[in-house]
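# Have a look at this prediction, sequence included:
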Amino acid sequence: MAQAFNSAAAVQAAVGQDLGTTDWLAITQDRINTFADATGDHQWIHVDPERAKDGPFGKTIAHGYLTLSLANLFLPQLVEYQGLKMGVNYGCDKVRFPSPVPVGSRVRGHGVVVAAEPVKGDGVQVTVRVTVQIEGSDKPGCVVDTISRLFF
């Protein structure tokens, strides 16, 4: 269940707060292929299961940027902003891909509010660290500090 915030002050007070985890999401070959089609990245380690069997990972793996894009799917499951007039994606910091995400694995998002600073007009710039965890793995598939500007 998403953590709810209803003001810039509430977001600022949440620095350091653990937002919990999302439900698990299966990484299918269809999802990988769809991402490959959308981005034009058809490298064999992502889209050729037969060739990938003999590759460095033993099977296809999700694109790093596919794994990163899941932050957008996971954020609304982690945090809800009530009474928001407008929110915009301001960017990302410190994107890392510590471990490949193999096809057939399950991932979930874990969130922590790492920073929140006021911005003009009753707004707040919030940084939420999203860690894309891989079921059964000690290393995550992605860690990203997402930055949003919110106006209440």
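Happy to help now that I have it.

# C-alpha from now on. contacts and neighbour counts both.
OK.

# who does the biggest helix by length in the chain touch, helix- and strand-wise?
Scanning the chain for the longest helix, with DSSP state H as the assignment, gives helix 64-78. Using 3 or more CA pairs under 8 Å, 6 or more residues apart in numbering; DSSP states H and E, the elements in contact with helix 64-78 are strand 18-21, strand 106-119, strand 123-134, strand 142-151.

# Can you list the buried residues in stretch 47-64?
Within stretch 47-64, the residues scored as buried using 16 or more other CA atoms under 10 Å are 47-49, 52, 59-64.

# got the contact list for that stretch?
Contacts with stretch 47-64, where a contact means CA atoms under 8 Å, 6 or more residues apart in numbering, come from 27, 29, 32-33, 36, 44-46, 97, 100-103, 141-142.

# Relative to Gln125, which of those residues is nearest.
Cys142 (22.0 Å; CA to CA).

# ok, back up a step: taking the buried residues of stretch 47-64 one by one, which sit in strands?
Of the buried residues of stretch 47-64, none are assigned to strands by DSSP state E.
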